[in-house]
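Asker: just coords:
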């Protein structure tokens, strides 16, 4: 059995499991937790699309998510947009800013690229904090709900549907020629350019697409928790997203998304140990990078395929 | 057939330092021109400037009537120029079929041309059929290098710019690559400008040879001239 076939089976099984999960006696609290898990899954997958497939590192993903959250909230509050359009606005604004970030960092690699994206993310976070008249600064901005009076279960299924839809869209994109361009840029920019690939354009587009998904996730989150603050754009939050994608497996959007869900559930389950859980996740991230660079799910998938092939 | 003319070229990686300081090179039609020189004299810098990755500060680069200064790397394919970078420019984590798809992207709208290019590729390199759905990185080093060259040939270029084609290969596999390059010139009339550190083999296959020293011309001549006059001098000088 190939890795691709295995991934399709895992994807289908997980979809069925998540659809049925609320019927398995999931409490209101855990329904809320898993719904937030969908937000992180989408965010981790959007980061993996950029880092794992295009080879461009960014530490501004949390900032893009926050930007999406504020764009949607302000679009609804200030311009009277319907919430659906507010979410589209969030994705567009984050995508546009992502394109600019991609253009600014075109010739940067490694540490320089990473540091520039950190600075860019911090500029966004501080701007949001400073513009108190518009964003309420650190106090946080009250955001209208996605479904007025909606139950936790309704939110759960909306988040599930959008997460699955976005993952499917990312998957289709990565299987298309655009996905091939992304991978060719990751492997050898000069080689790709010499075969006629518009490396400059596709690097910017990759930043834009990844940021647009992050912005959409941020918009959804804002209308679910109904209060957003600049802290969702912080470097600590970025560290959590990074850990999720790395532990799940950032070379694959599905594994990164599963990492997002897994860590969100564990973060809640281990709430008793307070800040120590972040220390543990930091250590696990280092160990995974050292011993399982494909992430936990990548490693499990490799083991399963190898066993299956040797049995067959 | 057009020829590539590089005249009095000055270029480099930073504004203040010129790696190439007035270099002149000509790649004559249907000939293999080899550029040799010690590490750091600007051989690869020359190719990077020709393909538009570094700016021309002074001098000119012309291909036939066309001025190449300011032309982006990705546009070269449409002008009839292929660039084969140093090392492993093959996309190793992608399948052979995916590599081929990228190589035909620049002329995707001309379906007949793309079909012809694929057919020609598998005629030239039948071993690729077995690897079609497998990762390109699973092939041997020599096969990867040949495939890299074949991918560049899919656009049917007149001029091939090739950077250190045999670096990291054992002598037997290197010979296969050199023989192939020679055939592309002799049998198909293509023009090749090759940068090489392999002085002996690189000059043996060449029609015309340039020796560089610190970004400028040191010696040049036909292979016959080199065989008679310069070879020992160059070998002593380089080693």
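Answerer: Sure, I can see it. Since the model is a prediction, treat every value here as computed from it, not as a measurement. Numbers count the residues shown, from 1 in each chain, chains lettered A, B, ... in the order given.

Asker: Quick check: bridge partners of the residue nearest the centre of chain B?
Answerer: Nearest residue to the geometric centre of chain B (Cα atoms, centre = their mean): residue B:162, 1.3 Å. For residue B:162, the beta-bridge partners are residue B:84, residue B:194 (DSSP bridges).

Asker: so how far is chain A from it?
Answerer: According to Cβ to the nearest Cβ, to the nearest Å, residue B:162 and chain A sit 11 Å apart. (Glycine included, C-beta is placed from N, CA and C.)

Asker: what's near enough to touch that residue?
Answerer: If a contact means Cβ atoms under 8 Å, 6 or more residues apart in numbering or on different chains, then residue B:162 has B:83-84, B:149, B:181, B:192-195 as its contacts.

Asker: possible to save those residues as a markdown table with neighbour count and pLDDT?
Answerer: Converted to a markdown table, these look like this (neighbours: other Cβ atoms under 10 Å in any protein chain shown; pLDDT from 0 to 100):
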| residue | neighbour count | pLDDT |
| --- | --- | --- |
| B:83 | 27 | 93 |
| B:84 | 22 | 91 |
| B:149 | 22 | 90 |
| B:181 | 23 | 95 |
| B:192 | 25 | 97 |
| B:193 | 27 | 97 |
| B:194 | 26 | 96 |
| B:195 | 24 | 94 |
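
Asker: So, low pLDDT: which residues of the chain?
Answerer: Reading this off chain A. Scanning chain A for pLDDT under 70 picks out A:1-3, A:312.

Asker: Actually, chain B is the one I wanted.
Answerer: Flagging of chain B using pLDDT under 70 yields the residue ranges B:87-89, B:230-239.

Asker: which bits of it sit near chain A?
Answerer: Contact residues, chain B versus chain A (Cβ under 8 Å from any Cβ of the partner chain): B:51, B:53, B:72-74, B:76-78, B:82-85, B:88-94, B:98, B:101-103, B:105-106, B:148, B:151-152, B:155.

Asker: In helices, which of those residues fall?
Answerer: B:76-78, B:98, B:101-103, B:148, B:151-152 (DSSP state H).

Asker: Give the other helices and strands that the one helix or strand residue A:38 maps to contacts.
Answerer: Using DSSP states H and E, the element containing residue A:38 is helix A:28-51. Packing partners of helix A:28-51 (3 or more Cβ pairs under 8 Å, 6 or more residues apart in numbering or on different chains; DSSP states H and E): helix A:61-79, helix A:152-175, helix A:199-225, helix A:235-248, helix A:253-269.

Asker: from the chain's centre, how far out does the fourth one sit?
Answerer: The reference is to helix A:235-248. Offset of helix A:235-248 from its chain centre (Cα atoms, centre = their mean, to the nearest Å): 9 Å.

Asker: Show me what counts as buried in that helix.
Answerer: A:237-248 (16 or more other Cβ atoms under 10 Å in any protein chain shown).

Asker: Could you work out the most separated pair of those?
Answerer: With Cβ to Cβ as the measure, no two of these lie farther apart than A:237 and A:248, at 16.9 Å.

Asker: quick one on the thing from earlier: can I get the contacts of residue B:162 in JSON lines with distance to residue B:221?
Answerer: Formatted as JSON lines, the contacts of residue B:162 follow (distance: Cβ to Cβ, whole Å):
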{"residue": "B:83", "distance to residue B:221": "26"}
{"residue": "B:84", "distance to residue B:221": "25"}
{"residue": "B:149", "distance to residue B:221": "27"}
{"residue": "B:181", "distance to residue B:221": "20"}
{"residue": "B:192", "distance to residue B:221": "17"}
{"residue": "B:193", "distance to residue B:221": "16"}
{"residue": "B:194", "distance to residue B:221": "16"}
{"residue": "B:195", "distance to residue B:221": "17"}
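
Asker: What is the nearest of these to chain A?
Answerer: Nearest to chain A among the contacts of residue B:162 is residue B:83, at 4.0 Å by Cβ to the nearest Cβ.

Asker: Tell me what angle the helix or strand residue A:305 falls within forms with helix A:253-269.
Answerer: Per DSSP H and E, residue A:305 falls inside helix A:295-311. Orientation of helix A:295-311 against helix A:253-269 (axes from the mean of the first three to the mean of the last three Cα atoms, to 10 degrees) gives an angle of 120 degrees.

Asker: how many neighbours does residue B:58 have?
Answerer: Residue B:58 is flanked by 13 other residues according to other Cβ atoms under 10 Å in any protein chain shown.

Asker: Do I have it right that it meets residue B:12?
Answerer: No - if you go by Cβ atoms under 8 Å, residue B:58 and residue B:12 don't touch, sitting 10.9 Å apart.

Asker: Tell me the helix or strand right after the helix or strand encompassing residue A:114.
Answerer: Counting by DSSP H and E, the element that carries residue A:114 is helix A:110-130. Once the chain leaves helix A:110-130, the next helix or strand it forms, by DSSP H and E, is helix A:132-135.

Asker: Show me what that next one packs onto, helices and strands only.
Answerer: helix A:61-79.

Asker: So which other helices or strands are in contact with the helix it packs on?
Answerer: helix A:28-51, helix A:83-104, helix A:110-130, helix A:132-135, strand A:141-142, helix A:199-225, strand A:227-228, helix A:235-248.

Asker: Next, the angle helix A:28-51 makes with the last one.
Answerer: Meaning helix A:235-248. 80 degrees.
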